[in-house]
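In: output the structure for:
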Amino acid sequence: MFQHPLDPASVTRQVEAALAEDVGAGDLNAALIEPAQRLRARVITREAGVFCGRPWVDEVFDRLDPRVTLTWAVADGDAIVAEQTLLTLEGPARAILTGERCALNFMQTLSATATVTRQWSAPLKDTGLTLLDTRKTLPGLRTAQKYAVLCGGGANHRMGLFDAFLIKENHIAAAGSIAEAIAAARRTGPGKPVEIEVETLTELDEALAAGADIVMLDEFDEPSLKAALARPRGATKIEVSGNVDPARLQGLAALGVDYVSLGALTKHVRALDLSLRAERA
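Out: Numbers count the residues shown, from 1 in each chain. Now for the predicted structure:
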């Protein structure tokens, strides 16, 4: 499936937006601190997980004051344990305290996505089943969360509406049929992957006959799923979505499912518990 590695331009845009949102016309609290005052600070995790977010934190402090020195104890994708120091900062107090919340927000959110992905993907090691994310991401953070999914051991689905077709029920109705929708996709987007979502075995047969690259089986029960996977499908890949829990993954892998897509990787995230502790340098 797709792989969307780190996009430095997106990191810059996301940090710019986060600082504009938080700092606005200026940090009022910064006026409480002498300009020459320096701090030494540590970022600590209060719980175990998988770390992600380092490029965003680097960008935050580089924009606020390049004199802030960051010494990292972890890299993106590293497993972390409770009470571990992730990062040490030293430099002008104003910049460290102004950037604290933005930096922690990026780390706690992206680490949450990486952590959940690792929990789901770990049992799939050495199977043929690939765990995919979806477009159900936090607004403005899609590239960041998809990168976090990679750090957690998952893989990426399409980035947006522009890089692949995912033909659903309403698209089929508007086009006239599954065959017509797939044919239109081949004409209008040559070379773009064509995936189609089906709800019945009859629709599956139509999609296979029309040469879809990927067929997504939506809410198929177990007998229908087994029947679907027994069909000759050539190079067409099978994706499962809906009603998937961790206990079901091994069974899906054993049946020969190629992909499982989960919106929960990016939309059902609970921020990792991180904190910053500072002292005068």
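
In: OK, contacts around A82?
Out: 45-48 (Cβ atoms under 8 Å, 6 or more residues apart in numbering). (C-beta placed from N, C-alpha, C; glycine too.)

In: helix, strand or coil for it?
Out: In the three-state summary, A82 is assigned as coil, counting by DSSP: H, G, I helix; E, B strand; the rest coil.

In: circling back: quick one: which of the contacts of A82 is nearest E59?
Out: T45 (20.5 Å; Cβ to Cβ).

In: verify the stated contact: that closest one with A79.
Out: No: taking contacts as Cβ atoms under 8 Å, T45 lies outside contact range of A79: 10.9 Å.

In: shared neighbours, those two?
Out: Shared contacts of T45 and A79, counting by Cβ under 8 Å, 6+ apart, come down to F51.

In: helices of the stretch 151-281 of the chain, residue ranges please.
Out: For the stretch 151-281 of the chain, the helices defined by DSSP state H, counting those that start in this stretch cover 169-175, 178-188, 201-210, 222-229, 246-255, 264-267.

In: of all those helices, which one is nearest S275?
Out: Of all the helices of the stretch 151-281 of the chain, it is helix 264-267 that lies closest to S275, at 23.9 Å by Cβ to Cβ.

In: just to revisit the earlier point, could I have the buried ones of the contacts of A82 as ChimeraX selection syntax?
Out: Selection of buried members from these for ChimeraX, criterion 16 or more other Cβ atoms under 10 Å:
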select :45
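
In: now for the contacts of A82, which pair is the farthest apart?
Out: That would be R46 and A48, which, of the contacts of A82, are the farthest apart (Cβ to Cβ) at 9.4 Å.

In: how about T88, what does it touch?
Out: 40-43, 70-71, 73.

In: same check, this time on E34
Out: Each residue near E34 by Cβ under 8 Å, 6+ apart is listed here: A93.

In: redo that, cut-off 10 Å
Out: By Cβ atoms under 10 Å, 6 or more residues apart in numbering, the contact list for E34 reads 93-94.

In: same question, I178
Out: Neighbouring residues of I178 by Cβ under 10 Å, 6+ apart: 167, 171-172, 196, 198, 202-210, 212, 215.
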